[in-house]
Every structure is written in C-alpha cells, then in structure tokens.
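[1] pasting a predicted model and its sequence here:
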Amino acid sequence: MRSVTDDAPLLDDLMPWSVESPRLGRDWVVAPDARSLKARWDALLRADGPGRERLFRPTRARTPESSVPALPGQPSGTGRFSRESGPCPAPVRLGCGPFDEQWLIPDHRLLDAARPELWRVADERQLFAVGQAGAADDSGPALLVSAVLPDGRSPAGRAGRVRPLYRRPGGAEPNIAPGLPELLTARYGQEATAEQILAWAVAASGPAPGGCAVPLTADPGLWSSGAELGRELLRIQLRGARGGDRPRLPGGRRPYVRAAVPPRPETLTYDPDEEALLLGTGRIAPVPAGAWDFTVGGVRVLDLWFGRRTAPAEPGTLEALRPAGWLPEWNSELLELITVLALLAGLRPALRELHRKLAAGPRIGRAELEAAGVLPVSAAARRPASVLDHHEEGPEGQFALV
C-alpha cells in the first residue's frame, strides 16, 4: 500500500505564511507562575549597574542599553532598560513546547527576537499551528494548534515555524493557499472554510521529508468525517479557548489528587497496575496508560512538563527566584494535561482508520493543485499582510505606523 503522504502537499504549501519561532534569549523571562516573573523584575531593578547587567544576561541582540519599539498590543516601556524603574508588565501566557502554557514578561527590551508580526495578529480569533518534527513511526501528533502564542520549539529545543490561521487581526484574510478553499468546495460539494481545512490538517497530517505533509482526499464523505475528527482534536487541544468546552473524561475516569503532592517532588513515575501517577509521595489517579505514554517528537509529554517545574536552577540567577514548593495551581494544570493527553490517545484508533482510508482511496495530488493554480503559492502569500491602521510605540517613546 502506498504511503499516506505520497504526493501530498506540505503544510508549508497550504498555510504559506509562517514566522520563525520567537527567540527569547534569556530563560528568566518565562516561568510556570506569574509571581516569580514579578519577583525577578523587582530583583533586576534593585540591582546596581554591573549587577543589573549580569542578571540581565546581555546578548548581541539585547543589552540593558538596547532601544527597541514596544511589542504590538503590549503597554511595556520603550526607553532603555538601564533607566527602567516601573512595575513589571502584566505577564501573558506563552505556549512552551507541546501542551505546556507558562507565563512571559511581554517586554520587547528583554526578548532577542519576539517576532512582532505574530503579536500583531494575536487576538481572540487567532489560532497558531506548529508542525512537530518526528519519525514516520512516531505515534505523536504531527501538527499542534494553540490559542496562545507558541514558542514554536520542539521537545528537544529545535526551533520550528509558527503559522497563524489568519493574516490580519479579527479573523480576517485566512492564511490558506489562495484558490484552495474554492477548489475543495467544488470537489466536495460543500463549503471548505479555513477552519475546516485546519481541522482536516490536524487529523490527516503526518511527517514527511521537508516538513509536515497534509494529504487531501478526493472523497467528499472522507473529507467530512476527517474534518469532524479534526474538530474534536482541535477542541481538546484548545482546552476551552475560543468558546469551546473544556475537555473532560467520563465520570469514573477523571483523575484526582489522591495523596498530596509534597513541596518538592523529585521523581515522576507511573504505576500501571493502579493507573497512578506518582510525584514523589504524591499520587494522582486514575491516569490512563495512554496519557503516561503520550509522546511528541519521541519525548514523553508528562516528563517534560514535570521537569520544567522541578529542575534545579543555578544559584544567584534570576531563574533561581521561583516558588519555594509545589503550587496548588499546578495540580489543576496537571489534571487538565492528563485529561487532554488521555482524550487524544483515545482518538488514535480513529486517526489510524482515517489514515488507512486516505492511503487506499483517491486523493487530490500536487499535479491537480498545480493545474488549478493553487500551487506553486505566490510570494505575496508567504509575506505578512500590512496592518496599516495599527499604531505602535517606537524606541524612546516615538510612534510608528505599520
């Protein structure tokens, strides 16, 4: 049987505008809790000149003397940070790799390459897609979608590309290859919207040479069922964002904290007989094996999430300003993460069946897309749209119109 990704267009063809992953440049600007970020900011401002520079951790892109514009939509300062004396900007959520949301200080003076073009289109309508590099036999998802701005990093720390669903604020101008929605609508006899194309991609995509491949079926019935499966995957991944329901497991299968997590859990293990996740002496159950075994890029998601909250920090650094013990809100976040992973793992049989039918059935290949003028994608579709009415503060309080 031919591979499901044979002759399939790449995600790069179907969502042509993409942006390099944000490059933060310093780890202390991100934390699993917002209070630590405010404490780090205050400690930085209390330090004297040489001490402030040491804690800041200058790079070629950013030093305390850098003069840069504000991040779009964020009311942070634009004067040189060496003269900063005000309060910490309100931290915002940032997607940190697969299925992890942490907090970020949204100050452009602290970020080496924040990718302002992403911040300009980040609003209540936007979704961000990030392809996940993996081997052909990797059971993890090939495409993840979030409502918060993601860092675009793989579990191994490799930088990927972030693809907004819309090129302009307010859900305007879908980031879909021009002509593709019209072609699919004509082939399927039903409207193929940008949201449906993204949902299909979440369900049908797979790893391929050159990136993430998105095979397109020629069967209207398979398109409908695959897009519906993709919508369910999206609902789970988005965790209640964009007006959706928060994911929940059926009664009797919902995880609970059965024994309190200790202040400093050092190990994370799994008891398959009891379906229990053990955080030191803490215990959460029931936890399906599918949630424990869930990987992205070959890395167990639960291990990655736990390690980011418990790994030791270097003494004397701003990263060392962190909670003294396990935070109660992390219990809630962990329970939701377990729920998300369990629900996604439970849909794997349906995904395998979709991919089997895709491989065996008729498809819309690259030749048909080229004949319809969808491919190759124009250079204009790969560039960001101009946001002509968006005012932004430039360096040292100047104003810019972009």
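    Arrived safely, thanks for sending.

[2] using the three-state scheme, assign Glu228.
    Three-state call for Glu228 (DSSP: H, G, I helix; E, B strand; the rest coil): helix.

[3] and it, what does it touch?
    Glu228 is in contact with Ala199, counting by CB atoms under 8 Å, 6 or more residues apart in numbering. Quick note: C-beta positions are derived from backbone N, CA and C, even for glycine.

[4] and the residue nearest to the spatial centre of the chain, what are its bridge partners?
    The centroid of the chain falls nearest to Pro150 when counting by CA atoms, centre = their mean (3.8 Å). As for beta bridges, Pro150 partners with Gly95 under DSSP bridges.

[5] that one contacts Val162, doesn't it?
    Yes. At 6.0 Å, Pro150 counts as touching Val162 under the criterion of CB atoms under 8 Å.

[6] mutual contacts of the two, please.
    Joint contacts of Pro150 and Val162 (CB under 8 Å, 6+ apart) are Phe128, Val130.

[7] which ones are touching Asp293?
    For Asp293, counting by CB under 8 Å, 6+ apart, the contacting residues are Arg300, Ala345.

[8] would you map out the domains in the chain?
    The chain breaks down by automatic domain parsing into domains covering 11-247+350-368, 256-312+328-348.

[9] would JSON lines of those domains with distance to Pro384 and mean pLDDT be doable?
    Formatted as JSON lines, these follow (distance: least, CB to CB, whole Å; pLDDT from 0 to 100):
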{"stretch": "domain 11-247+350-368", "distance to Pro384": "5", "mean pLDDT": "95"}
{"stretch": "domain 256-312+328-348", "distance to Pro384": "27", "mean pLDDT": "97"}
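
[10] pick the most deeply packed of those.
    domain 11-247+350-368 (a mean of 18; mean count of other CB atoms under 10 Å).

[11] now the helices for the stretch 301-402 of the chain?
    Applying DSSP state H, counting those that start in this stretch to the stretch 301-402 of the chain gives helices spanning 301-310, 328-346, 348-360, 366-371.

[12] what angle sits between the second one and helix 301-310?
    Comparing the axes of helix 328-346 and helix 301-310 via axes from the mean of the first three to the mean of the last three CA atoms, to 10 degrees yields an angle of 160 degrees.

[13] Ala379 is nearest to which of the domains of the chain?
    domain 11-247+350-368 (9.3 Å; CB to CB).

[14] now the closest one: how far from the chain's centre is it?
    4 Å (CA atoms, centre = their mean, to the nearest Å).

[15] what of stretch 360-370?
    29 Å.

[16] repeat that for stretch 305-324.
    In terms of CA atoms, centre = their mean, the centre of stretch 305-324 is found 22 Å from the chain centre.

[17] related to what we said a few turns ago, how about the helices of the stretch 301-402 of the chain in TSV, adding distance to Pro91?
    Formatted as TSV, these follow (distance: least, CB to CB, whole Å):
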stretch	distance to Pro91
helix 301-310	16
helix 328-346	14
helix 348-360	35
helix 366-371	43
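
[18] tell me which of those sits nearest to Leu249.
    The nearest among those, by CB to CB, is helix 328-346 at 5.5 Å.

[19] name the nearest residue to Thr310, sequence neighbours excluded.
    Pro265 (6.4 Å; CB to CB, 6 or more residues apart in numbering).

[20] from Ala61, how far off is the one you found?
    36 Å (CB to CB, to the nearest Å).

[21] same deal with Leu354?
    Leu354 is 43 Å from Ala61, by CB to CB.

[22] now Gly79
    Taken as CB to CB, the span from Gly79 to Ala61 is 18 Å.

[23] okay, how far is it across stretch 340-353, tip to tip?
    Taking CA to CA, to the nearest Å, stretch 340-353 runs 21 Å from one end to the other.

[24] contacts for it?
    Residues contacting stretch 340-353 (CB under 8 Å, 6+ apart): 99, 139, 141, 203, 229, 232-233, 236-237, 239, 247, 249, 253, 287-288, 290-291, 293-294, 301-302.

[25] so of the residues you listed, which ones are in helices?
    Ala203, Leu229, Glu232, Leu233, Ile236, Gln237, Gly290, Ala291, Val301, Leu302 (DSSP state H).

[26] could you dump the residues you listed into a markdown table and include distance to Met15?
    Putting these into a markdown table (distance: CB to CB, whole Å) gives the following:
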| residue | distance to Met15 |
| --- | --- |
| Ala203 | 15 |
| Leu229 | 19 |
| Glu232 | 20 |
| Leu233 | 16 |
| Ile236 | 21 |
| Gln237 | 16 |
| Gly290 | 29 |
| Ala291 | 29 |
| Val301 | 24 |
| Leu302 | 29 |
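
[27] between those, which is closest to Ala381?
    Relative to Ala381, the closest of the ones in helices among the contacts of stretch 340-353 is Ala203; by CB to CB it sits at 23.7 Å.

[28] any idea how far Phe81 is from that closest one?
    For Ala203, the distance to Phe81 - CB to CB - is 45 Å.

[29] now Trp119
    Trp119 is 19 Å from Phe81, by CB to CB.

[30] now Leu104
    On the measure of CB to CB, Leu104 and Phe81 end up 16 Å apart.

[31] also Asn331?
    35 Å.

[32] show me the contacts for the residue nearest to the centre of the chain.
    With CB under 8 Å, 6+ apart, Pro150 has these contacts: Leu94, Gly95, Cys96, Phe128, Val130, Leu144, Val162.

[33] try Glu370
    By CB under 8 Å, 6+ apart, the contact set of Glu370 is Pro376.

[34] for Ala201, what are phi and psi?
    Dihedral angles of Ala201 (phi, psi; degrees, to the nearest 10) stand at phi -60, psi -40.

[35] check the one 10 residues further on too.
    Listed backbone geometry of Gly211 is phi 140, psi -150, with angles given as degrees, to the nearest 10.
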